[in-house]
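Asks: got a structure for you, letters missing:
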């Protein structure tokens with residue numbers, strides 16, 4: 001490893017590191033605009049100039065490899081003069097837009113102009129102007145502000161994998177934008193806004209809404225998919241104004257999907273802000289006591305087997321814990337957190353992403369079964385692309401199921417179970433790829449596991465994992481990709497049918513026959529509500545979606561930004577989000593609603609605080625004792641060999657932008673659907 005001296009401090013860095021990284025290792029701050037740790041080196045802005053001994057002129061530290069014996073100066077008069085000159089050049093054509101620029105207050109150019117600028121300009125000619133580009137419903141452009149750092153170009157090519165951005169013309173006429181007039185059709189396009197060091201790319205939905213110093217910043221966890229992206233919720237007063245990513249190298253690095261970022265405007269619409277009871281076929285606003293009394297009148301004296309509960313896709317673990325305990329006190333074994341009817345469960349290794357998301361960086365072959373990862377988990381898709389690029393194309397990917405527009409090279413093997421069997425039997429060419437790989441992995445999506453033959457599919461996938469050495473020592477390449485933020489947490493808590501209990505589809509069928517008389521929907525909106533016509537339906541949730549329309553009693557709950565909650569992502573990592581704003585109207589935190597209802601029903605739950613609920617969660621599963629960590633699951637036998645249906649595996653997500661009540665109520669997601677989803681008017685919302 002090379003050793004070099006930075007301002008008299010000797011540092012040792014890894015081979016391949018740059019001078020800029022060596023300077024940071026020595027504790028020196030190096031200004032930059034074009035350099036970004038997760039993007040390739042461009043060397044465009046020259047702001048990172050340093051003085052190197054025996055070099056005839058300052059060097060760009062971001063593009064200079066660190067070598068043994070180098071002597072670097074970062075604060076000499078030459079360096080200061082060079083940086084001041086670069087800043088003067090950068091500001092020659094930059095407009096004086098700071099008072100009206102949405103980047104104001106969190107702008108790299110502002111900060112570095114204050115630190116390294118000279119306070120005046122010798123340039124008296126007219127500034128150039130550049131026509132704005134139309135990039136779609138999410139990214140707003142003011143291209144006259146662009147300083148040609150090309151971060152957006154490199155991100156769209158290297159991370160998002162769409163390659164629509166580029167730099168055209170030369171010299172003073174250089175412009176950055178799409179090569180042809182087109183929107184950026186990527187599920188990650190909002191990250192361009194975070195990357196832009198100036199105000200050239202800003203948020204279109206957030207335009208002229210607030211200044212950063214007005215906002216309260218709260219750490220939280222995303223619930224729009226099962227990845228568990230770490231986010232920061234920015235709010236002002238009682239309103240959530242924006243969502244930004246938090247860096248977590250093990251989960252989402254520093255990216256989030258567009259749905260995570262922009263579906264929050266759905267929280268302003270179709271909200272449930274007070275209890276309702278259906279009287280003579282119409283919902284009427286009532287007090288909490290009246291709502292509880294209506295439930296008590298129906299439940300009292302009812303056999304527990306005639307009561308059922310279904311948890312939705314975005315609910316927190318605390319509320320599922322409380323509802324599970326309440327159902328137990330009522331004597332009901334009929335509860336399920338798998339509203340898609342997947343019936344997945346059993347040994348923990350059979351339903352989590354065992355390799356972990358960051359483990360993708362170690363894999364050398366991947367078989368994807370029944371999943372459109374780009375639509376179901378864009379962050380994991382970006383990891384797969386990152387791995388594929390890092391191996392210069394040697395990372396082999398095979399896909400079984402519906403064909404989808406990937407962002408990496410792949411082999412499309414077939415549509416369904418026959419192809420899966422061919423891989424197991426060695427009749428598929430991809431079997432040779434898996435056999436030659438040292439750390440192969442398989443990713444099974446809900447498209448393969450929400451079918452009637454799921455046990456046989458799971459058994460076949462497990463046999464593939466065993467045959468091709470996907471589980472060896474510390475490496476476990478057997479992965480299940482969930483689409484619901486609450487699914488793994490619900491399975492860990494045991495929010496599944498008890499002895500003799502009914503699963504989701506069985507509950508719906510029994511309700512249609514009249515065998516189940518009371519159905520408690522905890523944020524569950526993705527089921528066939530027509531089968532609940534004969535049942536007494538209690539809906540607890542934040543949004544007035546399908547579940548609320550079918551309900552006889554509505555209990556207004558809190559959205560994920562309005563409560564402290566624990567969520568377990570697809571890899572089995574328990575994470576906690578914090579309340580950014582208070583619930584609207586008379587809405588309450590969900591676990592507290594269930595606790596209050598238990599008192600009204602005379603079945604008091606033994607906890608009165610959030611800490612007590614979380615202690616109960618630890619009793620149900622030790623996973624909740626270790627936050628922000630993945631507990632390795634023991635490899636066990638699961639699945640059941642049998643015949644598989646010949647039909648192809650169908651992805652459960654048809655429209656990435658609308659998958660839950662919040663995103664369906666979002667105006668921004670509606671605009672994205674119109675812009676990017678083919679035949680949007682005829683598209684069935686998944």
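Replies: Received the coordinates, thanks. Everything numeric in this text was worked out from a predicted model, so none of it was measured. Residues are numbered from 1 along each chain as shown.
Asks: would you map the helices across the stretch 401-550 of the chain?
Replies: Under the criterion DSSP state H, counting those that start in this stretch, the stretch 401-550 of the chain contains helices at 417-425, 430-436, 446-449, 454-467, 487-493, 504-513, 546-549.
Asks: name the residues of the second one that come out as buried.
Replies: Across helix 430-436, burial judged by 16 or more other CB atoms under 10 Å covers 430-431, 433-434. Where C-beta positions appear, they are placed from N, C-alpha and C, glycine not excepted.
Asks: and residue 299, how many neighbours?
Replies: 23 (other CB atoms under 10 Å).
Asks: which residues touch it?
Replies: Applying CB atoms under 8 Å, 6 or more residues apart in numbering, we find residue 299 in contact with 307, 330, 518, 601.
Asks: format the residues you listed as a markdown table; extra columns: distance to residue 173, pLDDT and neighbour count.
Replies: Formatted as a markdown table, these follow (distance: CB to CB, whole Å; pLDDT from 0 to 100; neighbours: other CB atoms under 10 Å):
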| residue | distance to residue 173 | pLDDT | neighbour count |
| --- | --- | --- | --- |
| 307 | 71 | 97 | 25 |
| 330 | 73 | 95 | 19 |
| 518 | 70 | 96 | 23 |
| 601 | 73 | 95 | 16 |
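Asks: thinking again about what came up before, looking at the helices of the stretch 401-550 of the chain, spot the one closest to residue 265.
Replies: helix 546-549 (19.2 Å; CB to CB).
Asks: name the residues that touch the closest one?
Replies: With CB under 8 Å, 6+ apart, helix 546-549 has contacts from 272, 312, 521, 523-527, 529, 537, 539, 541, 554, 661.
Asks: ok, the buried residues of helix 430-436 vs residue 422, which is closest?
Replies: Nearest to residue 422 among the buried residues of helix 430-436, counting by CB to CB, is residue 431 at 7.8 Å.
Asks: what score does the closest one have for pLDDT?
Replies: With respect to pLDDT, residue 431 has a value of 95.
Asks: can you tell me the helix or strand for residue 322?
Replies: Assigned by DSSP states H and E, residue 322 belongs to helix 317-329.
Asks: typo on my end, residue 242
Replies: Take DSSP H and E as the rule and residue 242 turns out to sit in strand 239-245.
Asks: which helix or strand lies directly C-terminal to that strand?
Replies: Following strand 239-245 in sequence order, the next helix or strand is helix 258-262 (DSSP H and E).
Asks: which residues touch residue 169?
Replies: For residue 169, the contact set (CB under 8 Å, 6+ apart) comprises residue 175.
Asks: how is this structure divided into domains?
Replies: Per the record, the chain has its domains at 3-92, 122-214, 276-345+486-536+545-630, 352-481, by the TED database.
Asks: with distance to residue 260 added, can I get these in CSV?
Replies: Shown next, in CSV, are the domains of the chain (distance: least, CB to CB, whole Å):
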stretch, distance to residue 260
domain 3-92, 18
domain 122-214, 8
domain 276-345+486-536+545-630, 11
domain 352-481, 9
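Asks: tell me which of these lies nearest to residue 240.
Replies: For residue 240, the closest of the domains of the chain is domain 276-345+486-536+545-630, at 5.0 Å, according to CB to CB.
Asks: low-scoring stretches of this protein, by residue?
Replies: Along the chain, segments meeting pLDDT under 70 span 679-686.
Asks: if we go to 50?
Replies: Counting by pLDDT under 50, the chain contains low-confidence ranges at 680-686.
Asks: geometric centre of it: which residue is closest?
Replies: With distances taken as CA atoms, centre = their mean, the residue of the chain nearest its centroid is residue 229 (4.3 Å).
Asks: which one, of the helices of the stretch 401-550 of the chain, ends up nearest to residue 5?
Replies: Set against residue 5 and scored by CB to CB, these come closest in helix 430-436, at 45.8 Å.
Asks: hang on, isn't residue 428 packed against residue 413?
Replies: Yes. With contact defined as CB atoms under 8 Å, residue 428 counts as touching residue 413 (6.0 Å).
Asks: and for those two, which residues touch both?
Replies: Shared contacts of residue 428 and residue 413, counting by CB under 8 Å, 6+ apart, come down to 398, 419, 422.
Asks: got the residues you listed as JSON lines, with neighbour count and distance to residue 380 columns?
Replies: Converted to JSON lines, the shared contacts of residue 428 and residue 413 look like this (neighbours: other CB atoms under 10 Å; distance: CB to CB, whole Å):
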{"residue": "398", "neighbour count": "23", "distance to residue 380": "16"}
{"residue": "419", "neighbour count": "22", "distance to residue 380": "22"}
{"residue": "422", "neighbour count": "17", "distance to residue 380": "25"}
